[in-house]
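Student: Provide a 3D model corresponding to the input given below.
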Amino acid sequence: MNTGSDRETNESAAESTAESAAGSTAGSAAEEAPHVSKAPAFIKARRGLHLSWQVGVFIVGLAVIGAGIAMLVLPGPGWVAIFAGLAIWATEFAWAHLALRWTKRKVSEAAQKALDPKVRRRNIILTSVGLVIAGVLIGFYLWKYGLQLPWNHEVK
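Tutor: Prediction:
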């Protein structure tokens, strides 16, 4: 696994990637340059310091993702925080960079799909039906019990 800490391997891989890109189209995902650590040069120069940097980035990313998972059930932008944590990890780890790229592609595809007129019409119809059903249920509850809440209801 490439975490960006082995510079010689990254440089030779970048050269071979550049050579292969010269012979074919440049738009292919397989021809991208390898992931390289975004740590400052003085940190990358010392292996122990770079490892500490990576551990710190991992812990910060994990904390942000953990907060995002908590915000899925609590108030807050849960998915935004999860994607932000993944972006933090992507600055140091190649696997996170690939996962973030895949996620961006899927979100973009979903956004394009949501703009399709047939999908929009279906979503509007389903939302309308759901609102009508909710209105009928609320109306039935108010007709049966009035504005009295269930926990204030006295059993006779």
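Student: now do the same contact list for the most centrally placed residue in the chain.
Tutor: Nearest to the geometric centre of the chain sits Phe83, at 3.1 Å (CA atoms, centre = their mean). Shown in contact with Phe83 (CB atoms under 8 Å, 6 or more residues apart in numbering): 68, 100, 103. To be clear about C-beta, it is placed using only N, CA and C from the backbone, and glycine gets the same treatment.
Student: tell me the SS of the first one?
Tutor: So the one you mean is Gly68. With DSSP: H, G, I helix; E, B strand; the rest coil as the basis, Gly68 sits in helix.
Student: which one is it nearest to, not counting chain neighbours?
Tutor: Using CB to CB, 6 or more residues apart in numbering and skipping the chain neighbours, the partner closest in space to Gly68 is Ala81 (3.1 Å).
Student: my guess is that neighbour contacts Met71. True?
Tutor: Yes: look at Ala81 against Met71 with CB atoms under 8 Å: they come within range, at 5.8 Å.
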